[in-house]
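In: Give me a model of this one.
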Amino acid sequence: MLHNISDYELIERFMNGSKPSIEVLINRYKTKVYTYILLMVKNQHLAEDLFQDTFIKVIRSLKSRKYKDNGKFVSWVIRIAHNLVIDHFRKEKQMNTCNNEDFEADLFNSSKFSVKNVEQLFVHNQIINDVRKLIDELPDDQKEVVMLRHYGSLSFKEIADQTDVSINTALGRMRYALINMRKMIEEKKMNLTYY
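Out: Below is the predicted model of the structure:
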């Protein structure tokens, strides 16, 4: 069964010609990678395009043996996705365009919330949306650290590597992000609790 095999072994098998191995890897991480992209771009169609581009790049890199396994396959894939998102925004800025589609998917819908009543679900979703809006108001360097840490599940070392800063700088940015978010919550008199 391919599903029980480690990432490393699946990568090795794929590089030696086993196409089903890459399908297992994509399926293993598609939710995490797609969710990360969608939270960054906030547009379903764009997220789908960037998701496809991410895995095309992953496949090409694996085929040309550019990937060096360090047990962090998913972090490597998220880094590729992150770079493609940044490239997209750079191109959009150069073209001086802006996207009016403001699509928010319910990414936090899971079985653990299924027993909640409608009011609790509404409050929960409102809190998620409020927190996301606060993150959007952060300076770019702080927003990037929060997104990579909480939505990309990267360690501070991985964040530091990906953003080309020291671990202390990454930690500092997270600290300032939290301070800034607390200030915004107080200024806006927001209530981010259920009751």
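In: Got phi/psi on Lys68?
Out: phi -110, psi 120 (degrees, to the nearest 10).
In: That one and His82: what is the separation?
Out: Using CB to CB, to the nearest Å, Lys68 is found at 18 Å from His82. All C-beta atoms are positioned from the backbone trio N, CA, C, and that covers glycine.
In: Could I get the pLDDT score of the residue nearest in space to the middle of the chain?
Out: The centroid of the chain falls nearest to Tyr36 when counting by CA atoms, centre = their mean (2.1 Å). Tyr36 is assigned a pLDDT of 84 by the prediction.
In: Comparing Lys68 and His82, which residue is more hemmed in?
Out: Ranked by neighbour count (other CB atoms under 10 Å), Lys68 and His82 place His82 first, with 22 against 6.
In: which strands and helices sit next to the helix or strand that contains that one?
Out: Using DSSP states H and E, His82 sits within helix 73-95. Packed against helix 73-95 by the contact rule (3 or more CB pairs under 8 Å, 6 or more residues apart in numbering; DSSP states H and E) you find helix 7-15, helix 19-41, helix 44-63, helix 156-163.
In: tell me which residues of the following helix or strand past the last one are tucked away?
Out: Note on helix 156-163: by DSSP H and E, the next helix or strand toward the C-terminus is helix 167-187. By neighbour count with 16 or more other CB atoms under 10 Å, helix 167-187 contains the buried residues 169-170, 173-174, 177, 180-181, 184.
In: Could you dump these into JSON lines and include distance to Arg60 and pLDDT?
Out: Formatted as JSON lines, these follow (distance: CB to CB, whole Å; pLDDT from 0 to 100):
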{"residue": "Thr169", "distance to Arg60": "31", "pLDDT": "93"}
{"residue": "Ala170", "distance to Arg60": "29", "pLDDT": "91"}
{"residue": "Arg173", "distance to Arg60": "32", "pLDDT": "92"}
{"residue": "Met174", "distance to Arg60": "33", "pLDDT": "91"}
{"residue": "Ala177", "distance to Arg60": "34", "pLDDT": "90"}
{"residue": "Asn180", "distance to Arg60": "39", "pLDDT": "90"}
{"residue": "Met181", "distance to Arg60": "38", "pLDDT": "87"}
{"residue": "Met184", "distance to Arg60": "41", "pLDDT": "88"}
